[in-house]
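Student: coords below, sequence missing:
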């Protein structure tokens, strides 16, 4: 009787363990699904915002109404902030997700394309509205290939926080092979080492300290900027 009781107890314990395991697995799948749905929703919103920006620029191009530039620029900066939020969500997803990697890579490609769209729009903003801003394309790689990329990203983040809407930084994963535009830009600019910064069309390979970046970008602004007083 004792052996039979112990046997039943082990069976019950095994069933409970399996039940807890499957419940945990199902909960993980639900959370993953919700996370992907949220990011997809953010991407749809971002696409609508981008379409709206295109319409506003087309309106300015057609009517040559420079007075609308302030409103367009504010909308552009708002959407850049939305893009930054999506970036943060994607980074968090990449660190924590164990499932749905295919969905993640699809979302990552959409984010890369969105960044490049906004980079091109920034060029138009400067041309149409004579905006005094600087854009940076930041190409990074893996920690093994680019041990300085983490520090370079930290410096760029710091400068972005200081310059706000006067400095637009777009970070591109050089190892992402699913988006042809990455390879196209690398080939066009002859990029073979990382980190690499493209600052207003000028290519700078390898790590650049904060003061070095400041000397470059401060020389590109037309108006005086407080943070650039010692770098002109």
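Tutor: Alright, I've got the coordinates. None of the values given here were measured: they were computed from a predicted structure.
Student: distance check, residue 173 against residue 192.
Tutor: Using C-beta to C-beta, to the nearest Å, one gets 16 Å for the distance from residue 173 to residue 192. Just so you know, the C-beta spots here come from the backbone N, C-alpha and C atoms, and that holds for glycine as well.
Student: more neighbours: these two, which one.
Tutor: Using other C-beta atoms under 10 Å as the criterion, residue 173 and residue 192 rank with residue 173 on top: 15 against 9.
Student: break this structure down into its domains, please.
Tutor: 1-130, 132-232 (automatic domain parsing).
Student: lowest average pLDDT across the ones you listed?
Tutor: Confidence, taken as mean pLDDT, is least for domain 1-130 of the domains of the chain (a mean of 67).
Student: show me what contacts residue 151?
Tutor: Residue 151 makes contact with residue 207, according to C-beta atoms under 8 Å, 6 or more residues apart in numbering.
Student: now do the helices in the chain.
Tutor: 2-63, 69-96, 101-129, 149-163, 180-189, 210-218 (DSSP state H).
Student: please name every helix or strand in contact with the third one.
Tutor: Under the contact definition 3 or more C-beta pairs under 8 Å, 6 or more residues apart in numbering; DSSP states H and E, helix 101-129 sits against helix 2-63, helix 69-96, strand 134-140, strand 167-173, helix 180-189.
Student: same thing but 7 Å
Tutor: helix 2-63, helix 69-96, strand 134-140, strand 167-173 (3 or more C-beta pairs under 7 Å, 6 or more residues apart in numbering; DSSP states H and E).
Student: so it versus strand 167-173, what angle?
Tutor: 150 degrees (axes from the mean of the first three to the mean of the last three C-alpha atoms, to 10 degrees).
Student: in helix 101-129, what's buried?
Tutor: 103-104, 106-108, 110-112, 114-119, 121-122, 124-125, 128-129 (16 or more other C-beta atoms under 10 Å).
Student: I'd guessed residue 197 sits against residue 136; true?
Tutor: Yes. Residue 197 is within contact range of residue 136, at 5.6 Å (criterion: C-beta atoms under 7 Å).
Student: got any residues that touch both of the two?
Tutor: Residues touching both residue 197 and residue 136 (C-beta atoms under 7 Å, 6 or more residues apart in numbering): none.
Student: what's the closest non-adjacent residue to residue 165?
Tutor: Spatially, and ignoring its direct neighbours in sequence, residue 165 is nearest to residue 77 (4.6 Å; C-beta to C-beta, 6 or more residues apart in numbering).
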